[in-house]
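coordinates only, sequence not included:
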């Protein structure tokens, strides 16, 4: 039959190609049992950032004349000769299933499907989002979690974190050693992107005073006449300037007023 249009039918028995009847369509297969025909068959990309090249890995090839229907998202390109998908999508698009067809040796038509979606880049969280810090204790650096590539820069509102803490405007990492207590408050971190909308994430942070949280032995039972193992305090935050105990310890035991360690016989 001449003049017929290309009409791939993955679930049909035959596929008509221009000018003649072709063999039944074959599912494009990847290398290895059950392997996918593409490196990524379900992909979520970030607008404004180059995607990693997505090549086919078909074994019933070499294949050529690759075509996608519907067309790929704007600025993504399917190389018709190699089937490699590449490019930099610039607009967020809803997820869609794309039928990829290719001509196989001998004129047969192969096919597969890819699920592609493009979302805006953004900050999606931090390594910790509900933060409790202690005066005098170095804060474990808070690292932003990102979808897509790195932003052009970061900012924070309110602009001033508790004294001793800072945010790196290039990386968005929050670090430092808090110097004074601060009530819990929300801080809005903004990631700014070139050519894409800003993205925000709200971080909750408080700074508590330093405190003694206990002793290495919290309820010791000491035998009379034997030296006790030193019992040291566990401090959250900065080391106190001195220690005292009430009521007095049993006879023979002492508290070091500088370190808080209990010793004696």
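Now that the structure is in, tell me what you want to look at. Since the model is a prediction, treat every value here as computed from it, not as a measurement.

now do the contacts for residue 184.
204, 205, 206 (Cβ atoms under 8 Å, 6 or more residues apart in numbering). Bear in mind the C-beta positions are built from the backbone N, C-alpha and C, glycine included.

just checking, the second one touches residue 185?
Yes: the pair residue 205 and residue 185 qualifies as a contact (Cβ atoms under 8 Å) at a distance of 6.4 Å.

these two: who's more crowded?
residue 205 (23 against 13; other Cβ atoms under 10 Å).

okay, and that one sits in which element?
strand 196-208 (DSSP states H and E).

beyond that strand, next helix or strand please.
From strand 196-208, the next helix or strand downstream (DSSP H and E) is strand 211-215.

so which bits of the helix or strand following that next one are buried?
Heading C-terminal from strand 211-215, the first helix or strand you meet, by DSSP H and E, is strand 233-236. For strand 233-236, burial by neighbour count (16 or more other Cβ atoms under 10 Å) applies to 233, 235, 236.

could you measure from the residue nearest to the second one when sequence neighbours are not counted over to residue 144?
Ranked by Cβ to Cβ, 6 or more residues apart in numbering and with sequence neighbours excluded, the top spatial neighbour of residue 235 is residue 212, at 5.8 Å. Summarising the geometry, the distance separating residue 212 from residue 144, computed by Cβ to Cβ, to the nearest Å, is 34 Å.

how far is stretch 200-209 from where the chain is centred?
On the basis of Cα atoms, centre = their mean, to the nearest Å, stretch 200-209 sits 20 Å off its chain's mean C-alpha point.

quick one: buried residues of that stretch?
Across stretch 200-209, burial judged by 16+ other Cβ under 10 Å covers 201, 203, 205, 206, 207, 208.

can you give the distance of the strand holding residue 205 from its chain's centre?
Distance of strand 196-208 from the chain centroid (Cα atoms, centre = their mean) equals 16 Å.
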